[in-house]
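In: got a sequence here, can you model it:
(one chain, ligands or ions: 1)
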Amino acid sequence: MKRTIVEVLLALALIGAGVFGWMSWKTAQAAKGQVTELQAAAEEAAKAVTASKAAITAAEEQTAALEEQLGPLQNKVKELDAIKGAMSSGTTLADLEAAYKTQKTLSAERQVGLGALRMLTKGGDDPAALEAFRAALQLTDLGSRKNTMCAAQTALAAAGEKVTVMSECLPQAAQGAPDAQGKPDAQGKPDAHAKDDKAAKPDAQGKPDAHGKDDKHAKPGDKKGAAAHAAPHWSYAGEMGPDRWGKEFPTCAKGKTQSPLDIVGPFVKARTSLSAEYKEGPLKILNNGHTIQVNVPPGSKLRVDAKPYDLLQFHFHRPSEEKIEGKPMSMVAHFVHKGADGKLVVLGVLLKEGNENPGIKTLWANMPLEEGPEVAPDGVKFNPGSLLPREFDFFSYEGSLTTPPCTEGVTFFILKSTVNVAAAQVTQFPFKINARPVQARNGRDITMN
Ligand SMILES: [Zn+2]
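Out: Residues are numbered from 1 along each chain as shown. The predicted structure follows:
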């Protein structure tokens, strides 16, 4: 079984590479500047591999084998066509679908991998493939996984879908931006980069701080994977601070229903009923460089007027992003849910300085202090419900993700009752400030029950 999964994942990574390379290669055939195009295709292929690789969290030893397979890809884009032929029987797709069948929700990386495989097996017009990329795109909104987002955006664009590909996702030839670290040289000499940073080329994107942070992603023996991770392209202060997010993520600046809000009356009477059914499960926690996030196994739900929304993850901001009549609380926990239709609902629980919070104590005892992949400490269970207050009265408004790309259409419920957090616990949280400032209300109603 393990071997099958390994083979499937390996095939997946190759296929991720294959499909992008193949598509770009076909385009390139028609164009005159074929050589340039092929190199761009290789870049895209490498990005796709990166995204697929992220799915292989459990199998560190596969990484080495994987990298060996990647080497030839870089220089022999044409071989990708052969891979396509080998996989077109549909067997691999069936295997993977069977392996994923037991999982209620798939990570963005897996969605991308699945989409790539479907596209390869069934062709670029397969609606299920496009759906997988779209799903990946929606999921990646929540995090900071640029490579996955790029892979999904690029795939949709290549399939002729209307999607805006972020400038960072374009092959660097198309960017023309001067590079803080020197030459934008991927076009020039593939050999100079030999293997290590072919995939990511973070420096091609003009991010001077790419390397320092990236390396924290590294697993031992996964040097290339480390280089392949995206640069942190936004932050809560300075050059990439909230007032600059709009440069790369237009919705952050142009959106009319952005979050968070300063919650002030007059309020409209809410007619919505709200209840949470959260369940205990194994703790999976990560430091994504912007916050501490807990990924929640399937089974926990929020009900909004009887409609269920699956709890995907929760995370923290310090101080609270939402203000109540101009005042922030020490922290806020955002519980992020998704409906069957893809609609996102965020439940905000404000943390007020007071007694120690036992739930937070468990989380802080297990949180990674440095940015990196999810960890699942042995035998530690957690019930997200332990962080909820007893009373469920709320304020509610239509808003957005409070982090880039600031996607709108997110419904917020901010509970009126707060829960305690000790001053020392606030201090232990590894982010001093990770709160977006409040946004313009633009005439939005805030309801209250
Ligand atoms: Zn949040």
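In: leaving out sequence neighbours, find the closest residue to the closest residue to the ion within the chain.
Out: Of the residues in the chain, the one nearest the ion is residue 334, at a distance of 3.4 Å by Cβ to the ion. (Glycine included, C-beta is placed from N, CA and C.) Leaving aside its chain neighbours, residue 334 sits nearest to residue 346 (5.3 Å; criterion: Cβ to Cβ, 6 or more residues apart in numbering).
In: in which helix or strand does that neighbour reside?
Out: According to DSSP states H and E, residue 346 maps onto strand 344-353.
In: tell me what the helix or strand just after that strand is packed against?
Out: The first helix or strand that comes after strand 344-353 along the chain, using DSSP H and E, is helix 358-366. Contacts defined by 3 or more Cβ pairs under 8 Å, 6 or more residues apart in numbering; DSSP states H and E place helix 358-366 against strand 381-382, helix 423-428.
In: which parts of helix 358-366 are buried?
Out: For helix 358-366, the neighbour count (16 or more other Cβ atoms under 10 Å) marks 359-360, 362-364, 366 as buried.
In: got the buried residues for stretch 301-318?
Out: 301-302, 304, 309-318.
In: same check on stretch 248-263?
Out: 248-249, 251-252, 255, 257-263.
In: quick check: can you name the pairing partners of the strand holding residue 346 and their directions?
Out: Sheet pairing of strand 344-353 (DSSP bridges) gives strand 331-339 (antiparallel), strand 408-415 (parallel), strand 419-421 (parallel).
In: now that strand and helix 358-366, what's the angle there?
Out: On the basis of axes from the mean of the first three to the mean of the last three Cα atoms, to 10 degrees, strand 344-353 is oriented at 100 degrees to helix 358-366.
In: close to the ion, is strand 344-353?
Out: No - counting by Cβ under 5 Å from the ion, the ion is not contacted by strand 344-353; separation bottoms out at 6.8 Å.
In: what residues does the stretch 301-449 of the chain put near the ion?
Out: Within the stretch 301-449 of the chain, the positions near the ion by Cβ under 5 Å from the ion are 334, 402.
In: need the contact list for residue 366.
Out: Taking Cβ atoms under 8 Å, 6 or more residues apart in numbering, we find residue 366 in contact with 283, 285, 375, 377, 380.
In: no, scratch that, I was asking about residue 338
Out: Here residue 338 is in contact with 105, 309-310, 312, 344-345 (criterion: Cβ under 8 Å, 6+ apart).
In: again, 6 Å this time
Out: Applying Cβ atoms under 6 Å, 6 or more residues apart in numbering to residue 338 gives the contacts 310, 312, 344.
In: what do you get for residue 233?
Out: So residue 233 contacts nothing (Cβ under 6 Å, 6+ apart).
In: tell me if I am right that it is in a strand.
Out: No - counting by DSSP: H, G, I helix; E, B strand; the rest coil, residue 233 is not found in a strand; it is coil.
In: got a pLDDT number for it?
Out: On pLDDT, residue 233 comes in at 83.
In: now do residue 157
Out: 71.
In: CA atoms only for whichever strand or helix holds it - export them in CSV, please.
Out: Assigned by DSSP H and E, residue 157 belongs to helix 146-158. This file holds the C-alpha atoms of helix 146-158, laid out as CSV (Å, rounded to 0.1, in the frame of the first residue of the first chain):
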residue,chain,number,x,y,z
LYS,A,146,2.3,30.9,-3.6
ASN,A,147,3.6,28.0,-5.7
THR,A,148,0.3,26.1,-5.4
MET,A,149,-1.6,29.3,-6.3
CYS,A,150,0.6,29.9,-9.3
ALA,A,151,0.2,26.3,-10.5
ALA,A,152,-3.5,26.6,-10.3
GLN,A,153,-3.7,30.0,-11.9
THR,A,154,-1.3,29.0,-14.7
ALA,A,155,-3.3,25.8,-15.4
LEU,A,156,-6.6,27.7,-15.6
ALA,A,157,-5.1,30.3,-17.8
ALA,A,158,-3.5,27.7,-20.0
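In: before we move on, back to that, from the contacts of residue 366, which would you call buried?
Out: Burial by neighbour count, 16+ other Cβ under 10 Å: within those this picks out 283, 285.
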